[in-house]
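*Asks:* Sequence below, structure please.
(chains A and B, ligands or ions: 1)
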Amino acid sequence: MEQQLKNIKAEAIEEIRKAKDSLKLDEARVKFLGKKGALTSILRSMGGLSPQERPIIGKLANEVREDIERALEEALKEVKEKEKAARLSLESIDITMPGRNSEIGNLHPITKVLDEIKEIFFGMGFSIAEGPEVELDYYNFEALNIPKNHPARDEQDTFYISDSVVLRTQTSPVQIRTMENIKPPIRIIAPGRVYRSDAVDATHSPTFHQIEGLVVDKGITMANLYGTLDTFAKKFFGEKTRTRFRPHHFPFTEPSAEMDISCHVCDGKGCRVCKGSGWIEILGSGMVHPDVLRKGGIDPEVYSGFAFGMGLERIVMKKFEIDDIRLFYENDIRFLKQF
Amino acid sequence: MKVPYKWLCEYVNIDKNINEAADALTISGSKVEEVIEFGKEIDRVVTGKIIKTEKHPDADKLTICKVDVKDEVIQIVTGASNIKEGDIVPVALHGSSLPGGVKIKKGKLRGVESNGMLCSEVELGIADENSVHGIMILKEDTPIGEDIKKILGLEGGIIDFEITSNRADCFSVYGIAREAAATFDKELKKIETSFNETDDSIDNYLSVEVKSSLCRRYAARMIKDVKIGPSPEWMQEKLRQCDIRPINNIVDITNYVMLELGQPMHAFDYRYVKGKKIIVRTAQDDEKFKTLDGVERNLNSSMLVIADGERPIGIAGVMGGENSEIKEDTTAVIFECANFDGTNVRLTSKKLGLRTDASSKYEKDIDPNLIDIALNRACHLVELLGAGKVAKGVIDIYENRVEPYTLKVSPEWINKFLGIEIEKEEMRKILKNLEMKVYGDDVFEIEVPTFRQDVKIKEDVAEEIIRIYGYDKIPVKKIIGETVEAQWTLEQTLIKKVKNVMVSCGLYEAMTYSFISPKVFSLINLPENHELRNTVNILNPLGEDFSVMKTTGIPSLLECLKRNYKRDNKEVKLFEISKVYIPSGNQLPNEYDKLIIGMYGKVDFFDLKGVIENLLNVLGIDKAEFEREENSSIFHPGRTAKLLVRKKNAGILGEIHPNVAENYEIEDRVYVAEIDLKTLFDAAKNEKRYKPLPKFPAVSRDIAMLLDENISVSDIEKAILREGKELIESVKLFDVYKGKQIPEGLRSLAFSLTFRAEDRTLKDEEVNKVHESIINRLKEKFNAQLR
Ligand SMILES: [Zn+2]
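*Replies:* Numbers count the residues shown, from 1 in each chain, chains lettered A, B, ... in the order given. Below you'll find the model as predicted:
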């Protein structure tokens, strides 16, 4: 009997060792440990043993069972590991296939650049002011030192709604409206649409966007104008950007200055983009003319200020190297997706 | 305005090359548009003397020349036949460059060494191909070994300035010279104006009468014994460089003075001045007049003319008449040197469509006192050129003399205003160089010459000083003082939110023109008398397509969809935040912000509605309803909704009526919305409040039922919510079915209901009770059959 048990154990261990999957292991379990299994039948036949033999064989039988169970357990663990590994390799996917996503749209490039500019000026303490696009001649011209028949009116071919109402040709009327409404210190930018009766071509549009700026306070100097615009240029065009101010003439500022920035393409050495000069004209600016301050209800003997204005499309075109202004207003989805 | 650099240097000794001078003048306020350099591409070309020629041994047509270029004698082989020993010619040395990027190098011609090239005018770029042949032969006394550019006057060039409208005084070579003198701190040379008069007085020949205040000054001189002929080469060359065609000595003098001093002049042939009289008057309406260019002009009473005793002989400040033109046999001339109202000249020139050199100078309003020097200068030139004799005396009608202007400003204020420290004496020097007289010390009393009408206030003086001192010397300073709290306004924040929602819903932002054609109202099927057809109209539009301001943003966005559709873009979803301009009865219209959405491709009504729902959600608007809209002619009657926010009409969304889609040539279903942003923003909750998360579990129940297909989902939902009272948390449609097994005219709807109490776990019996009462209510009210 003792030998029988040893044989069962050896047989079982051998079969377990051979088993390749959990199914075979289960079969082995049934075969040796099941209700009708080899070990069970031996234990059943133990009734025929002498009382001296019974505990010895019983102990031995238990040891054999434990050994088989342990072997089964170990084998099962191993098989499971193998099976898991096999499943993982079966479940491999082509991760180069496209992801599943809901389409995200995009803002217009003009909006994007404008938002960037707004953030820069927020950082310098500017708020945003607004004014109507259909504007009184008074705000667009008269109050800005451009009386009727002034040559500047010819230069800015104006759309008229009536004798006294125009489509604003510049964002500058917001200067007067702002001064009428708030007292110094004033620090605002006023972005918006303006209109000039220019026939449509690659560089002209009857509608475009400008950003106006106005600062009025006690003791504001031309050096502050430089400081503000130089900071803006470095933040927007890059730290390496140099600025240059040139005298110019605008009826509503005195002194007036145009600001050039060093050409970002050739870094000021001269190239096609900057027409060989190394500089690119970006904006007009100046110290607010005392007549304009007066029109806004501000005493020029107490306060001074500066103003500036820039064309947004031009800047966006430079930034993205877009060569045709009409693309902004065509809204071809293939264009809008690029920014 | 073109200024020949050499001419400029006659008045100021600028010891800089043309490009350095142009840069410096730009920085001091005379903006240079372009520098046109002569002989820019010519390098290492010198004068040389041919000392020996011999035939090439192997080529009949080639000549071997020994050329003395002062430092050495070099051998050059040439194919030209017009040379002989002793000729002085331009020689391109080894390593030289010629126009067109031509480089000259040593080489052999048919076996004979050639160490350079003899040049023709064509090769030097100073004549065109057809006008000359052969090598350029220079004058016998030309020194050899000299740079050809110096010999031919090819140094320097022309500077083209952009003159701003306030600087009429800069509209001349001398005016720019004055700027240059101040810029480079050099002396400005005086203009030579001396001449002799005959004994015969102008009064014997002419009287002048000025009948209009549009003529501020009228001066005339009489030139007798005139001999018409060509003007000298130096004068012609300057005129040509400034794009003026030389005509004859008298006409050239008037043009020369205009270029030099900025004062337009005119010469009348005395023979044709009828009645010994010049009358400056306004024209009669419909008066006909033939100008010098041979074109008959129709005048009117807004225009000023120069007339003789009988008829007009010139349009003031614009152009003279054919009837009094200088001819070859002219023997007596009247020089007109006058000053006219700039605006009137500009308007006349605009009305006639005739812009001339004279009118473009006059329209800037030039200084009436410029006449004195200009007229004298013209007489000086007449004498210099031997073109005639100047009769005694001048007729000069000048009623309101313009006097120099005086203003006071302290140097201290100027420094404070500019944010800089400039020495008082430096300021004084700058102003003096600009021909301003400066008195005083702590406070400058400045006498501004009459040609500087743009200097009227102390800020103007500050500009004069800083632009000459150097704009680049102003330091860069941050603004100090009270900082203002900068942030988005509520409305700006909300607009940003709207844009963000649109972008996250997959829409692309569009921008369209603010003006439209009135015809688009018919394209979108808008009825004839619809209020949106009442537009703000542009009096002078670019064309009908741009003639009225938008009252709705839909047509412009449809136009964009059309363009995309035509270009074969399959899936397009756009939005725009656009202003509309609604006549208000006041001077200015009302401007409202609208959100316009337009899409086609794999989309339907519910995609569009979903976008709007997302927007309402983000803006925190809970009191919004969609109501069926069957009466908009723009939209599909069965697929359109009105958006109500707090019971107010906030806009419309739906499928475009097929007729409209056809008008826009889009063969696809198009979904469009137009939402009024103010109505949304008024209802927007910007501050959200936290609600505690539920502590007790929810219970869900589903209901599926058959209903008349005309009963709307929202009516059912409302009924469920009302009946479910405080226990129902939400109701959600999860299935709609029509077709097989469903009787005609009915549809099957399935809803998922969620019940929850705030303070306890609901018991099944409680839920069953409510659920049953809901079912009963639906049976009763809508005749619902449970499935
Ligand atoms: Zn460049």
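
*Asks:* Can you pull the phi and psi angles for whichever residue of the stretch 151-300 of chain B sits closest to chain A?
*Replies:* At 3.6 Å from chain A, residue B:164 is the closest residue in the stretch 151-300 of chain B, using C-beta to the nearest C-beta. All C-beta atoms are positioned from the backbone trio N, CA, C, and that covers glycine. Backbone torsions of residue B:164, given as degrees, to the nearest 10, read phi -80, psi 160.

*Asks:* list the contacts for it?
*Replies:* Neighbour list for residue B:164: A:248-249, B:31 [criterion: C-beta atoms under 8 Å, 6 or more residues apart in numbering or on different chains].

*Asks:* out of those residues, which touch the ion?
*Replies:* With the criterion set as C-beta under 5 Å from the ion, no member of the contacts of residue B:164 is near the ion.

*Asks:* List the contacts of stretch A:3-10.
*Replies:* The contact list for stretch A:3-10, computed with C-beta under 8 Å, 6+ apart, reads A:32, A:38-39, A:42, A:57, A:60-61, A:64, A:67-68.

*Asks:* same deal with stretch B:417-429?
*Replies:* The contact list for stretch B:417-429, computed with C-beta under 8 Å, 6+ apart, reads A:221-224, A:255, A:287, A:304, B:185, B:411, B:414-415, B:438, B:441, B:444, B:458-459, B:462, B:465-466, B:469, B:473-475, B:477.

*Asks:* Narrow the contacts of stretch A:3-10 to those in helices?
*Replies:* Using DSSP state H, the members of the contacts of stretch A:3-10 that fall within helices are A:32, A:38-39, A:42, A:57, A:60-61, A:64, A:67-68.

*Asks:* So what's the residue count around the residue in the stretch 1-150 of chain A that the ion sits nearest to?
*Replies:* Per C-beta to the ion, residue A:113 is where the stretch 1-150 of chain A lies closest to the ion, at 20.4 Å. When neighbours are defined as other C-beta atoms under 10 Å in any protein chain shown, residue A:113 has 23 of them.

*Asks:* My guess is it contacts residue A:314. True?
*Replies:* No: judged on C-beta atoms under 8 Å, residue A:113 makes no contact with residue A:314 at a distance of 10.7 Å.

*Asks:* C-terminal to the worst-scoring helix or strand of chain A on mean pLDDT, what's the next element?
*Replies:* Least confident helix or strand of chain A, by mean pLDDT, DSSP states H and E, is helix A:151-155 with a mean of 70. Per DSSP states H and E, the first helix or strand lying C-terminal to helix A:151-155 is strand A:160-162.

*Asks:* quick check, distance from the next helix-or-strand element following that next one to the centre of its chain.
*Replies:* The helix or strand immediately downstream of strand A:160-162 is strand A:165-167, counting by DSSP H and E. Remark: strand A:165-167 is offset 38 Å from the chain centroid, using C-alpha atoms, centre = their mean, to the nearest Å.

*Asks:* Residues contacting the helix or strand just after strand A:165-167, please?
*Replies:* Using DSSP H and E, the next helix or strand after strand A:165-167 towards the C-terminus is helix A:173-181. Helix A:173-181 has contacts (C-beta under 8 Å, 6+ apart) with A:129-131, A:135-136, A:139-140, A:143-144, A:186, A:188, A:190, A:192, A:212, A:214, A:216, A:252, A:288, A:292-293, A:295-298, A:307.
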